[in-house]
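K.L.:
build me a structure from this.
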Amino acid sequence: MRGCLTLHDGSTLLLEPDRALVLGRAHASPSAAAQVSRQQCQVSFLSSSQRLLVCNKGANPTLLIPRQQGSTHTTLTGGQSAEIAAGDGIALLSSHPEDTVTFTTTTDLPSAGPDKREEAVAESQPVMVILCGIPGSGKSTFCNSLMSRSQQPWTRVCQDAIKGTKRRQRCVSAAREAMKLGRNCLIDRCNFDAEQRKDFVALAKELGCQVHAVVLRLPNKLCAQRAADRIGHEGNVEGEEAKKVVGMMSRPFAKSGVPGRQEGFASIIVCNNDTQVARALTAWANYSPANPDPSVEYSAHTSARQLRGAGAWQGALQRIARDPHSAGSGSQAPIAIDDQCVMINDLYPKARCHALVVARDASLQSPDNLTREHIPLLQHMQEEAMQWVQQQQAEHPDLPPFRMGFHSVPSLPQLHMHVISQDFDSPQLKHKKHWISFNGTFFLQRKSAS
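P.N.:
Residues are numbered from 1 along each chain as shown. From the prediction side, this is the model:
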């Protein structure tokens, strides 16, 4: 079974069942694509038994039309019509293989005229994405995959492909040329600290464009092996010598931590494994002026996946930082909320009183991300904690002193400060390691509260 789409210029397109067709793109003939791209049209569905799915504001041409953020879906039956424009998708929902379906398009609409979405695309500014990661973390693979999957124009600027001196400056120049042509730009270099990133951030600011960061923090051992296994690498970082390079580069990365929003980033996505990298890639492949913040899609997909499994608590603090009321009700309801932090009871308390003060800045994943600029935030978190401690001590005069602090290697992403009474009287204190985590060098004490 196939559908025949007849456009108003007389050209025809075949539509396979259960496969999406995005109008105004390479699937159409040049003349048809030009016609659909310039103006709104109407598709009339002529069938007695089939159904047609229409997705406005973009669709993925390799899959049955997905439900993307900002899109609307309409299912048509025989005799019904719907408006379409460039970037819209249609999918024939399969049924009997011998059925024949016909679609026709027309520009005879009262509202016919230039497609506002095309104008938005034309007027939108390009974006810059700065990849951060040690050799072998997959920066180039991410860039190449994104360029092949995205419907947006991208240019990859790779320092490894540039020979000679002043390579960073030449990368900046190449990025400038690409973005002045209206192309989104991928900065493919290690970018291990703010100093290495600042020229690119400054360029984006100069051009009035947003700059985003994608951080690939995969295990050093995995990156070293991948780098060693490469053949024909642009920068010749391959073979056994590549392992030494990875080891050398991993140290400044560990020292500098992940990028922060204070550098000027509109969004920051941090990937710690290949699964998260794949989600980040999907989120950026769906980037468009109608879907301008891939980090929202990435976070939503990550949280939804985590909530389905036994590790539902793993991404909970990030979710709570974004939406404090998602913490729950009753004993899990937020204790305090403001624009800087959220205070909640620990889900697995290791003492009679055990709470967490969670920073809401998405760029603060652990104590490693803290700088002198965050001292006011830490003071505010401490003040929130002290108010709660005083309340607990008033209600329970027999409580021992409290301590506040951070785990040097937190088990959960999103910066959070523990506020815990020193009785360690809890059924959740099941192992020696639990006690040690609050009574050794692993616990970075902020202040004691008596």
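K.L.:
so residue 363 sits against residue 369, correct?
P.N.:
Yes. In this structure, residue 363 is within contact of residue 369 by Cβ atoms under 8 Å, at 6.4 Å. The way it works is simple: take the backbone N, C-alpha and C, and place the C-beta from them, glycine included.
K.L.:
spit out the residues that contact those two alike.
P.N.:
Shared contacts of residue 363 and residue 369, defined by Cβ atoms under 8 Å, 6 or more residues apart in numbering, comprise 258, 260.
K.L.:
and the strands in the stretch 101-250 of the chain?
P.N.:
101-106, 128-132, 154-158, 184-188, 211-216 (DSSP state E, counting those that start in this stretch).
K.L.:
so what are the sheet partners of the last one and their directions?
P.N.:
Here strand 211-216 has these sheet partners by DSSP bridges: strand 128-132 (parallel), strand 267-271 (parallel).
K.L.:
give me the angle between it and strand 184-188.
P.N.:
40 degrees (axes from the mean of the first three to the mean of the last three Cα atoms, to 10 degrees).
K.L.:
what sits up against strand 211-216?
P.N.:
Residues contacting strand 211-216 (Cβ under 8 Å, 6+ apart): 127-133, 137-139, 142, 197, 200-201, 204-205, 258-259, 264-271, 277, 280, 284, 294-295.
K.L.:
buried ones only from these, please, as a ChimeraX command.
P.N.:
The buried subset of the contacts of strand 211-216, as determined by 16 or more other Cβ atoms under 10 Å, is captured in ChimeraX by this line:
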select :127,128,129,130,131,132,133,137,138,139,142,197,200,201,204,258,259,264,265,266,267,268,269,270,271,277,280,284,294,295
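K.L.:
can you map out the strands along the stretch 351-450 of the chain?
P.N.:
354-359, 402-407, 416-421, 443-449.
K.L.:
could you find the closest non-adjacent residue to residue 232?
P.N.:
With Cβ to Cβ, 6 or more residues apart in numbering as the criterion, residue 232 has its nearest non-adjacent residue at 7.7 Å, and that residue is residue 238.
K.L.:
actually residue 179, not the one I typed
P.N.:
residue 126 (4.9 Å).
K.L.:
could you measure from the one you found over to residue 351?
P.N.:
Separation of residue 126 from residue 351 (Cβ to Cβ, to the nearest Å): 52 Å.
K.L.:
and for residue 195?
P.N.:
42 Å.
K.L.:
between the two, tell me which one has more neighbours.
P.N.:
residue 351 (22 against 9; other Cβ atoms under 10 Å).
K.L.:
report the contact partners of the nearest residue to residue 180 once chain neighbours are set aside.
P.N.:
Leaving aside its sequence neighbours, residue 180 sits nearest to residue 207 (Cβ to Cβ, 6+ apart; 7.4 Å). Going by Cβ under 8 Å, 6+ apart, residue 207 touches 125-126, 176, 179-180.
K.L.:
mind pulling the model confidence for residue 207?
P.N.:
Looking at residue 207, its pLDDT reads 94.
K.L.:
isn't residue 352 up against residue 421?
P.N.:
Yes. Taking contacts as Cβ under 8 Å, residue 352 lies within contact range of residue 421: 5.3 Å.
K.L.:
now the common contact residues for those two.
P.N.:
Listed as contacting both residue 352 and residue 421 by Cβ under 8 Å, 6+ apart are residue 399.
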